[in-house]
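Engineer: got a predicted structure here, sequence first:
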Amino acid sequence: MMAASGKLASLRLPPLPTVGELIKLYNLRAEKQLSQNFLLDLRLTDKIVRQAGSLRDAHVCEVGPGPGGLTRSILKGGAVDLLVVEKDSRFIPGLKLLSEAAPGRLRIVHGDILNYRIDRGFPANISKPWEEDPPNLHIIGNLPFSVSTPLIIKWLENIANRTGPFVYGRTQLTLTFQKEVVQRLTASTGSKQRSRLSIMAQYLCNVRNCFTIPGQAFVPKPQVDVGVVHFTPLVTPQIQQPFKLVEKVVRNIFQYRRKYCHKGVEKLFPEACRMELTQEMMEKADVDPTLRPTELTIPHIRALADAYAHLCSQEPSLLSYEFREELRMKRLTRQINTPMDSFTGTPTGTSPSP
């Protein structure tokens, strides 16, 4: 009992300036161009941390700690090894103050999370086989809006390939997003918010919408509310095809989200064989071509991805074909082949704008 209470006491932080006081002390202001919004209410940061589950003796990577509100809650939650990755040098002195208050528990990396190698940030002995429970490693972050979507797409690809933070096993993520992004991540089949992001996240993870934080809780107040989402990678992805192939199929289908799904499928193929291969792919997948993209279930997408992979195995050049690139080249060729009036710079046979 004495040992347990002593360990608990060692996890407590000594008296520190409040987050608000640190902001004043170091004259910190949220940078609009970096889409920064500070969360100063430690009750809310504690609530975010609780969504990750028990952090007792955990290893944690925090993304964009800023003035350190969420950082304090992670340390208070029992993390023994907290690695924070912060791009903005203005926050480093305040984070060093926290590091001194929690000796041996807080490591600071001054860098960009989009480039940082998390797979080198933690000891290999914390790894767990993919088929077992997740490792005692968590990624937690109050993400700037500007990086939230590209970052989760990157991590979803890492999950599919078991690279990056997922070399340690099925590392769990607890992250904040704009409310509209949360709605897309968690949207069910048939909902208006169903999107490419819905499919890509849900075929790889169990995605849980935890709770919503009103915009007024942040400084400065964003124009939108913020949601907290928890991701647990699935032992077996619902689609057994390479990430890039799945992403290509889903991207093409959802670029015509108001039309029938066959419209997007058509754009997977060159014009010369478009209709023939589209029909073959839809028939092989046994998917109703008049379904809208938002009506497609993950099993539908799986069948379409499998059918597309089969066609690509027969004709490998299909995999590198991109409709938009073909369109761009056609426009470029048309411009080159259109005779220009040497004086006005307009196509011959037309009048220059007044």
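Structural biologist: Received the coordinates, thanks.

Engineer: residues in contact with stretch 145-162?
Structural biologist: 34-35, 37, 63-64, 113-114, 130, 139, 143, 164-166, 173, 175-178, 181, 185, 197, 200-201, 204-205, 222, 233, 237, 242-243, 246-247 (C-beta atoms under 8 Å, 6 or more residues apart in numbering). (C-beta placed from N, C-alpha, C; glycine too.)

Engineer: if any of those are buried, give me the PyMOL selection for them.
Structural biologist: To isolate the buried ones among those in PyMOL, judged by 16 or more other C-beta atoms under 10 Å, type:
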select buried, resi 37+63+64+113+139+143+164+165+166+173+175+176+177+178+181+185+197+200+201+204+205+222+233+237+243+246+247
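
Engineer: narrow the contacts of stretch 145-162 to those in strands?
Structural biologist: 63, 139, 173, 175-178, 205, 233 (DSSP state E).

Engineer: let me know the closest of these to Cys273.
Structural biologist: Closest approach between these and Cys273, by C-beta to C-beta: Cys205, at 35.3 Å.

Engineer: and the strands in the protein, which stretches?
Structural biologist: Using DSSP E, strands in the chain cover 38-39, 59-63, 81-86, 106-110, 137-141, 172-178, 205-213, 218-219, 226-233.

Engineer: go through the ones you listed and find the least confident stretch.
Structural biologist: Lowest mean pLDDT of the strands of the chain: strand 218-219, a mean of 78.

Engineer: what's near enough to touch Glu131?
Structural biologist: Val235.

Engineer: what is the nearest of the ones in strands among the contacts of stretch 145-162 to Ala272?
Structural biologist: Nearest member of the ones in strands among the contacts of stretch 145-162 to Ala272, counting by C-beta to C-beta, is Cys205, at 38.5 Å.

Engineer: find the nearest non-adjacent residue to the closest one, please.
Structural biologist: Phe231 (4.5 Å; C-beta to C-beta, 6 or more residues apart in numbering).

Engineer: please produce a markdown table containing the ones in strands among the contacts of stretch 145-162, extended by distance to Arg107.
Structural biologist: Output for the ones in strands among the contacts of stretch 145-162, formatted as a markdown table (distance: C-beta to C-beta, whole Å):
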| residue | distance to Arg107 |
| --- | --- |
| Val63 | 14 |
| Ile139 | 14 |
| Leu173 | 19 |
| Leu175 | 20 |
| Thr176 | 22 |
| Phe177 | 26 |
| Gln178 | 29 |
| Cys205 | 27 |
| Pro233 | 24 |
